[in-house]
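> quick one, fold the following:
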Amino acid sequence: MPIRILLADDHAMVRRGLHVFLSTQSDMVVVGEASDGQEALQQAAELEPDVVLMDLHMPVLDGIETARQLRVLTPSIRIIVLTSFSDQDHVVPAVRAGVKGYLLKDIEPEDLAVAIRNVHAGQVELHPAAAGQLMHVMASAELSMNEQQLSLKQTEQQPVQEQRQDKDKEAQASAQELDTLTRREREVLGLIAQGLSNKEIAAQLVITEKTVKTHVSHLLDKLGLSDRTQAAIYAVRKGWVV
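As a prediction, this is how the structure comes out:
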């Protein structure tokens, strides 16, 4: 069965371009198009697509509110945002609304097709810039929580000398983990933590994208992580400045 896709974007040219490209994919079929959020909700209910591929800025009902209502009315539908915005004010509300994919409109067509397949299969697809925004939000929330816990437990803390010893041990363990990476792997990790894609990292370090992928694979293996999003969050939590 092909993946049934509903397109939602207020620009007819965007919808047309997506329709033409997706029609070339043997395992996908575009079942409908909507020019605003309200129309997307109506068509989703009537057509029962597997995936809704939509913009965030639409008239009548914006993409975030559309996603919230889709999640309630048709929870089985996977939602992918395809937008031009990667700032925190767009990424975080969209993810909270229930989207399973957050992609930017400069994505390569082949990568878009792969992302649709992955989201349909139950995975989450985030553009590196979007993942970076979520990472900073998580890191800030964890820091705030740690500060609150520290304030509440100050009177019950272990002696100062023992605290220092514990912090020294944690710092030493963190340094040892970082030392397992090569200089280039540390550079790549730092750029991942900033939300750069493989292509952008390759351009900044003046190396090939294939070499970047190799470095990413090696550092994930060494740190026991499964993907670049985990690596970015891990680096921030460890306080590594690469």
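
> where exactly do the strands run in the chain?
3-8, 28-34, 51-54, 78-83, 101-104, 125-126 (DSSP state E).

> strands paired with the last one, and their directions?
To tie it back to what came earlier, the one meant is strand 125-126. Strand 125-126 has the following strand partners under DSSP bridges: strand 101-104 (parallel).

> now swap in the longest one and tell me
Under the criterion DSSP bridges, strand 28-34 sits next to strand 3-8 (parallel) in its sheet.

> ok, residues contacting the partner strand?
15, 18-19, 22, 27-37, 39-40, 43-44, 47-55, 58, 63, 66, 116-117, 120 (Cβ atoms under 8 Å, 6 or more residues apart in numbering). Backbone N, C-alpha and C define where each C-beta goes, glycine included.

> check what pLDDT Glu110 gets.
Per-residue pLDDT puts Glu110 at 95.

> likewise the one 10 residues further on?
Per-residue confidence at His120 stands at 96 (pLDDT).

> who does the nearest residue to it once chain neighbours are set aside form a beta bridge with?
Spatial nearest neighbour of His120, excluding adjacent residues (Cβ to Cβ, 6 or more residues apart in numbering): Ile3 at 5.0 Å. Applying DSSP bridges to Ile3 gives these bridge partners: Met28.

> same deal with the one 4 residues further on?
Beta-bridge partners of Leu7, counted by DSSP bridges, are Glu33, Leu53.

> any idea how far Val206 is from it?
Distance of Leu7 to Val206, computed by Cβ to Cβ, to the nearest Å: 38 Å.

> the two: which is more packed in?
More crowded of Leu7 and Val206, by other Cβ atoms under 10 Å: Leu7, with 26 against 6.

> all helices of the chain, in order?
Per DSSP state H, the chain carries helices over the ranges 12-22, 37-47, 63-73, 88-97, 109-120, 128-152, 160-179, 183-193, 198-205, 209-223, 228-238.

> adding mean neighbour count, write those out as a markdown table.
A markdown table is the format used below for the helices of the chain (neighbours: other Cβ atoms under 10 Å):
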| stretch | mean neighbour count |
| --- | --- |
| helix 12-22 | 14 |
| helix 37-47 | 19 |
| helix 63-73 | 19 |
| helix 88-97 | 17 |
| helix 109-120 | 18 |
| helix 128-152 | 15 |
| helix 160-179 | 11 |
| helix 183-193 | 20 |
| helix 198-205 | 17 |
| helix 209-223 | 16 |
| helix 228-238 | 19 |
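
> pick out the shakiest of these, pLDDT-wise.
The weakest mean pLDDT among the helices of the chain belongs to helix 160-179, with a mean of 56.

> so what pLDDT did Trp62 get?
One correction, residue 62 is Asp, not Trp. pLDDT, read off for Asp62, is 95.

> what is the burial count for it?
16.

> great, nothing more from me.
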